[in-house]
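Asks: Sequence below, structure please.
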Amino acid sequence: MPLHGKGMLITFTQVAARDERDFNEWYNREHIDERVNLPGFRRARRYVAVRATPKYVATYECDTVADLATPGYLRLLANQTPWTKSVMARFTHFQRLTLRIQVDQTHGVGGGLATVRFVPDPRRRKALVEWLSEQTLPKLIRRPGMIGACAGENDLEVAHAPLQDKSMDHPKAEEAEWIVLLEAADVAAAGAAARLAFTATRLRSFGVEAPPTIGTYRFLFGSQR
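Replies: Model prediction:
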């Protein structure tokens, strides 16, 4: 089964240890369901780090990346619930990526996730998509324990919409970051696949100047329509 749409919001978050219980209760009891019930949103999942920083990552699948910049969505960001305001005030890290999905070779839901983050040269986009869709991801998802994979590019115009709407305060991205999500039955398989395929040497041909950031996470909770 492919992703539930062609757009995805990914958030990376962290709180102090003393705030984690309330943070996780808020995510599981309010935040995920609130987002999934928005127009255009279809499914949300969240994970906790096994070997990664920040500690938590969440994915929100939507029909298109444009669903992450609609007036209704921006109004929600500007008018949060009291519980949301309380939890977000205690974030020690927060970053969001609004992805235009470029490659989707997912299949179901795995218990382990590896994230691979890098910034390529935009002029190499077509070559990168071909490399991912025709060579790398098909080979990786055939490995034992692997389930599926997808790749997306942060849409800067959509990412900056909350800033323009003055509903959120976070750093403005200057470069279009990419993220590859590798799903597996277990975390070890996902991490091994990420480290095998996404080396600095292999990504250099796509204009990636810094080594990719690889993190591994285990599944916590999800909800869908």
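
Asks: What lies in contact with the helix or strand harbouring Met8?
Replies: In the assignment (DSSP states H and E), Met8 maps to strand 7-15. With CB atoms under 8 Å, 6 or more residues apart in numbering as the test, strand 7-15 has contacts from 23, 40, 53-68, 87, 90-101, 152, 179. All C-beta atoms are positioned from the backbone trio N, CA, C, and that covers glycine.

Asks: Describe which strands it pairs with in its sheet and in which direction.
Replies: The strands beside strand 7-15 in its sheet (DSSP bridges) come out as strand 56-62 (antiparallel), strand 91-105 (antiparallel).

Asks: could those strands be laid out in TSV, adding mean neighbour count, mean pLDDT and distance to Gly145?
Replies: Output for the strands paired with strand 7-15, formatted as TSV (neighbours: other CB atoms under 10 Å; pLDDT from 0 to 100; distance: least, CB to CB, whole Å):
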stretch	mean neighbour count	mean pLDDT	distance to Gly145
strand 56-62	24	98	20
strand 91-105	18	97	16
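
Asks: Check the gap between the nearest residue to Ala49 once chain neighbours are set aside and Asn24 for me.
Replies: Of all residues beyond its chain neighbours, the one nearest Ala49 is Lys55 (4.7 Å), with distances taken as CB to CB, 6 or more residues apart in numbering. Separation of Lys55 from Asn24 (CB to CB, to the nearest Å) stands at 11 Å.

Asks: What of Val109?
Replies: 19 Å.

Asks: how about the strands in the protein?
Replies: All strands of the chain, identified by DSSP state E, fall at 7-15, 41-51, 56-62, 91-105, 112-118, 146-154, 178-184, 213-224.

Asks: Fine by me, thanks again.
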